[in-house]
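Undergrad: need a 3D model of the following:
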Amino acid sequence: MDHHTGTHPLLACAATMAAALKDVAGVEPVFMTTAEKQAALLELSRVTGQLAELRLRVLATAEDVAEETAARDAAAWLAHHARLDRSGTRRDARLATALDRRWTRVAAGLREGTVNLDQAHEIVRALDALPDDLAAEVRTQAEQRLVERAGQFGPRALRILGRRVLEVVAPEVAEEHERKRLEKEEAEAEKATFFTSRRRGDGTTDLKIRLSDAAADRLMTYLEAFTSPRRASRSDGVASDQQSDDRRPYDQRLGHAFVAFLESVDPDRMPLHGGDATTVIITLDLASLLSGLGVALVGDQPITAAEARRMACTASIIPMVLGGESEILDQGRARRLFTPAQRKAMAVRDRHCRAEACDVPAAWCEAHHANRPWSQGGRTDLSDGVLLCNWHHHRAHDHRYDTHRQPNGDLSFNRRT
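TA: Here you go, the predicted structure:
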């Protein structure tokens with residue numbers, strides 16, 4: 001703490017950096033010499049790594065910040081308030097914990113500017129993959145070796161070196177470790193599986209998926225059954241050996257095959273999801289349903305009414321048909337639990353957890369009496385219900401937190417003092 005100003009040194013450092021950046025905000029680098037540009041690029045890159053380490057150092061100790069507002073963790077709080085990407089912030093939080101608790105030499109390299117953030121991620125990933133029963137001095141040697149190599153190699157090369165670091169610092173245990181590593185890799189393929197989606201804003205979505213080789217082969221078998229690149233169908237439905245005249249690129253055919261595969265899935269064979277059978281809900285007004293004109297919604301994604309009618313013929317969906325005043329289900333005091341139909345209506349309305357800054361999808365949420373608990377005379381009506389994820393539903397019933405309904409219907413939480 002600065003005893004003259006009362007400001008913490010880290011905050012004073014941030015203020016100094018902000019002021020220095022303001023001083024050069026209008027400076028045009030176009031007039032720098034080539035040598036000056038080279039020096040500036042290298043020095044700014046080094047300082048960026050040092051600043052990243054300082055931010056990670058604070059992030060590693062910021063769980064009390066999350067607790068204050070009932071955020072899931074410090075990364076979720078930071079992503080919301082700093083308007084950052086959630087996945088990137090959580091990745092930084094994992095690195096912050098690793099540097100704080102395990103790999104202090106990597107942290108020191110970042111702090112001194114000899115290791116950059118991308119290199120730190122690769123070094124920590126390699127060190128965390130070392131066997132649990134490895135002697136402490138061997139771990140230390142491996143960490144020191146990779147930190148030293150950061151002065152010569154970039155992230156990609158460090159990733160390769162990290163896989164072989166034991167062969168250098170402890171060759172006598174490297175072969176056995178390699179065998180165990182391969183066994184673990186095969187056994188934990190399921191744990192490495194993930195699926196992400198990103199809306200492009202033009203009516204399409206990018207999907208990213210990682211699967212075991214066996215699962216990927218199975219998916220490709222299904223998709224190739226829909227593409228049938230070498231076999232066309234006769235009018236009687238029997239496959240012939242005639243070459244298909246489909247001239248679409250193969251990757252495009254696979255994409256269309258994936259859509260066809262999804263539309264052919266039998267929902268009756270799907271598991272229960274969010275307290276109800278797996279369903280697709282399409283919202284549209286009655287006139288649009290009858291005419292095929294206008295716009296409908298699948299969740300929060302608009303589609304044409306004509307496409308909605310097509311899906312009604314080819315897929316198992318539930319249409320949420322609205323009347324002239326767009327009114328849907330209300331149910332009174334007689335029931336304590338919200339009905340499946342009311343939960344579907346809430347999913348259409350809320351789309352995700354209504355806790356402030358939470359984006360857990362509606363399908364994973366639970367219905368909550370937001371205005372007044374049922375046990376205190378609340379009504380099981382749609383207007384009184386909101387969707388909350390399991391985490392925030394527990395916080396809503398946690399006596400340590402006050403809950404407030406925001407004007408937009410979201411719920412905010414504040415820890416009681």
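Undergrad: whatever helix or strand Leu21 lives in: which residues count as buried?
TA: Counting by DSSP states H and E, the element that carries Leu21 is helix 9-23. Buried residues in helix 9-23, counted by 16 or more other C-beta atoms under 10 Å: Ala14. Placement of C-beta: from N, CA and C, glycine included.
Undergrad: repeat that for stretch 145-153.
TA: 146-147, 149-150.
Undergrad: please save the CA atoms from it in CSV.
TA: The C-alpha trace of stretch 145-153 is given here as CSV (Å, rounded to 0.1, in the frame of the first residue of the first chain):
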residue,chain,number,x,y,z
ARG,A,145,14.8,-26.9,-19.1
LEU,A,146,11.6,-25.7,-20.9
VAL,A,147,11.9,-22.2,-19.4
GLU,A,148,15.5,-22.0,-20.7
ARG,A,149,14.4,-23.2,-24.2
ALA,A,150,11.7,-20.5,-24.3
GLY,A,151,14.6,-18.1,-25.2
GLN,A,152,15.2,-20.1,-28.4
PHE,A,153,11.9,-21.7,-29.5
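Undergrad: name the residues that touch the host helix or strand of Gly88?
TA: Applying DSSP H and E as the criterion places Gly88 in helix 86-101. Defining contact as C-beta atoms under 8 Å, 6 or more residues apart in numbering, one finds that helix 86-101 is touched by 53, 55-57, 59-61, 73-76, 78-79, 106-107, 110, 120-121, 124, 128, 196, 359.
Undergrad: likewise stretch 47-56?
TA: 10, 13, 17, 92, 95-96, 99-100, 107, 110-113, 115-117, 120.
Undergrad: and the closest residue to Ala170 other than its chain neighbours, how many neighbours does it have?
TA: Closest residue in space to Ala170, ignoring its immediate chain neighbours: Val138 at 4.9 Å, by C-beta to C-beta, 6 or more residues apart in numbering. Using other C-beta atoms under 10 Å, Val138 is surrounded by 16 other residues.
Undergrad: is it correct that Val138 is in contact with Pro171?
TA: No. Applying C-beta atoms under 8 Å, one finds Val138 not in contact with Pro171, separated by 11.0 Å.
Undergrad: if the residue nearest to Ala192 when sequence neighbours are not counted is in a bridge, with which residues?
TA: Of all residues not flanking Ala192 in the chain, Arg210 sits nearest, at 6.2 Å (C-beta to C-beta, 6+ apart). Beta-bridge partners of Arg210, counted by DSSP bridges, are Phe194.
Undergrad: please name the residues that touch Arg210.
TA: By C-beta under 8 Å, 6+ apart, Arg210 lies in contact with 192-195.
Undergrad: can you rerun that using 10 Å?
TA: The neighbours of Arg210, taking C-beta atoms under 10 Å, 6 or more residues apart in numbering as the test, are 189, 192-196, 216.
Undergrad: rewinding a little: buried subset of the contacts of helix 86-101?
TA: 53, 55-57, 59-60, 73-76, 78-79, 106-107, 110, 120-121, 124.
Undergrad: so which of these belong to helices?
TA: Those of those mapping onto helices are 53, 55-57, 59, 74-76, 78-79, 106-107, 110, 120-121, 124, per DSSP state H.
Undergrad: just say helix, strand or coil for Asp206.
TA: strand (DSSP: H, G, I helix; E, B strand; the rest coil).
Undergrad: for the helix holding Leu21, the distance to its chain's centre please.
TA: On the basis of C-alpha atoms, centre = their mean, to the nearest Å, helix 9-23 sits 32 Å off its chain's mean C-alpha point.
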